[in-house]
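*Asks:* From the sequence below, what's the structure:
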Amino acid sequence: MVQVPAAERRLVVANVLEEARFGGPQRRVGLVGERLAADHGVDTVAVVATRDGARTRAWLADHGVAVRSLGLNRLSKAPGDALRFAAGFPGEMVALSRLLRELRPDLVHVNGSWQWKGLLAAHRLGLPCVWHLNDTAMPGPVNWVFRQLAGRRGDGFIVAAERVADYYLSGLEGARPVVRIDAPVDTRRFDPDRVAPDPVIAQLPGLKLVMVGNMNPVKGHDVLLDAMAHLRARAPEQPVSLVLVGPFLDSHRAYGEGLRDRCRRDGLDNVHFWGGSDAIERCLAAADAYVCASRFEASPMAVWEAMAMGLPVVSTDVGDVAQVMGAAGLGAAVPPGDAAALAEALVAMVARPAETRRAMGAAARRMAERRFTVDAVAARHAAFYRGVLDRPAA
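*Replies:* Okay, the predicted model is just below:
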């Protein structure tokens with residue numbers, strides 16, 4: 001029987017999400033899956049962990065992506081998660097293998113260096129598998145297991161930034177295809193000419209800064225609060241309001257409560273905890289600049305969305321941020337965890353004339369339209385899938 005090349009047929013990809021909590025990877029699967037089906041002849045079936053997955057399943061359904069739910073335990077630092085992950089592993093592998101056998105995909109796409117079940121189930125069934133890597137900070141034991149598996153399994157790697165490739169794939173044996181694909185931005189939704197500013201944020205005093213991200217230590221909110229205290233001391237005559245958009249997570253409750261306590265204790269009454277939002281674009285439309293204080297990121301979707309909304313950016317040097325912004329003068333990138341450097345960059349941004357900030361924001365929008373559109377990201381996924389499938393056997 002002659003096998004039709006992948007380039008000439010419609011494909012089915014099973015995208016396995018062992019982490020179901022809604023975030024960047026889950027948004028990506030919906031945005032890209034919708035465009036893959038419409039424009040590239042690739043149908044995505046998302047296999048989503050049942051726990052905490054309601055919002056993800058709704059997002060995927062809204063974007064026309066087929067969803068199958070499965071009881072998959074995630075690996076995290078939350079109490080009990082590691083034990084549940086280990087105890088459930090054998091049974092979940094069997095269940096996932098059974099589901100993949102039913103779906104009969106052309107290829108399996110797994111997300112994150114700790115999401116091993118999809119990779120192993122694909123290997124068990126003889127299905128090609130690509131591994132999507134989107135971070136640069138994993139505990140040593142997890143990274144060790146990844147390298148053991150990646151050295152023997154996986155038919156290709158998608159990395160969200162060059163630093164991700166350096167972190168995970170440097171020195172890895174065996175030549176497999178690797179492609180860098182940025183996180184996508186829906187530039188039609190995040191369009192400053194179409195979005196009305198949030199009226200509450202628009203009425204806050206002074207220059208308005210916005211940061212988007214779940215309240216957890218990786219996002220560096222504590223460092224940003226230190227920087228805001230520095231900023232107040234350095235430029236007391238310049239009113240600045242900071243809006244922190246993002247939910248408080250049960251797994252990091254103490255961290256979130258500590259941020260609120262810090263603001264009350266130090267009198268940072270210009271910091272506003274907005275909570276989660278389904279209208280992030282309106283929050284950004286009311287801002288004068290965007291700030292990212294993350295300790296670790298790969299391809300930070302929130303930064304790219306802020307750029308699409310025409311905002312200049314002050315960010316820590318994570319992922320490909322410095323490379324993206326530095327070449328075009330779109331903002332500033334400072335060392336992660338350095339509150340003083342972040343404060344200096346914020347002082348400089350606040351001191352810029354409004355017309356300069358607007359020009360920087362316009363250039364950021366043009367960069368987003370060139371590099372981060374869903375169309376561009378989906379096309380790279382489709383080409384990579386087909387390249388992996390049509391690659392000659394070693």
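*Asks:* pLDDT on the host helix or strand of Arg365, on average?
*Replies:* Taking DSSP states H and E as the definition, Arg365 sits inside helix 354-371. For helix 354-371, mean pLDDT rounds to 95.
*Asks:* Tell me the helices and strands packed up against that helix.
*Replies:* Packing contacts for helix 354-371, counted by 3 or more CB pairs under 8 Å, 6 or more residues apart in numbering; DSSP states H and E, involve helix 301-308, helix 321-328. C-beta here means a position set from N, CA and C on the backbone, and glycine is covered the same way.
*Asks:* strand partners of the next helix or strand after the last one, parallel vs antiparallel please.
*Replies:* Spelled out, that is helix 321-328. Using DSSP H and E, the helix or strand that follows helix 321-328 in sequence is strand 331-334. Here strand 331-334 is paired, per DSSP bridges, with strand 313-316 (parallel).
*Asks:* if we look at the partner strand, which residues are touching it?
*Replies:* Contact with strand 313-316 is made by 220, 289-295, 297, 300, 303, 306-307, 321, 325, 330-338, 342, 345-346, 349, 364, as judged by CB atoms under 8 Å, 6 or more residues apart in numbering.
*Asks:* same deal with stretch 82-90?
*Replies:* By CB under 8 Å, 6+ apart, the surrounding residues in contact with stretch 82-90 are Gly71, Leu72, Asn73, Arg74, Leu75, Ser76, Lys117.
*Asks:* So which of these wins on neighbours?
*Replies:* Counting neighbours by other CB atoms under 10 Å, Leu72 leads these with 26 neighbours.
*Asks:* hang on, that residue packs against Lys117?
*Replies:* Yes - at 6.5 Å, Leu72 and Lys117 qualify as touching, with contact defined as CB atoms under 8 Å.
*Asks:* Touching both of the two, which residues are there?
*Replies:* Going by CB under 8 Å, 6+ apart, residues that sit against Leu72 and also against Lys117 are Glu18, Glu92, Leu96.
*Asks:* which residues touch the second one?
*Replies:* Translated: Glu92. So Glu92 contacts Leu70, Gly71, Leu72, Asn73, Lys117 (CB under 8 Å, 6+ apart).
*Asks:* quick check, it in a helix?
*Replies:* Yes - according to DSSP: H, G, I helix; E, B strand; the rest coil, Glu92 belongs to a helix.
*Asks:* so how far is Leu133 from the residue lying closest to Arg176 once chain neighbours are set aside?
*Replies:* Closest residue to Arg176 apart from its sequence neighbours, by CB to CB, 6 or more residues apart in numbering: Gly156 at 5.4 Å. The spacing between Gly156 and Leu133, counted by CB to CB, to the nearest Å, is 11 Å.
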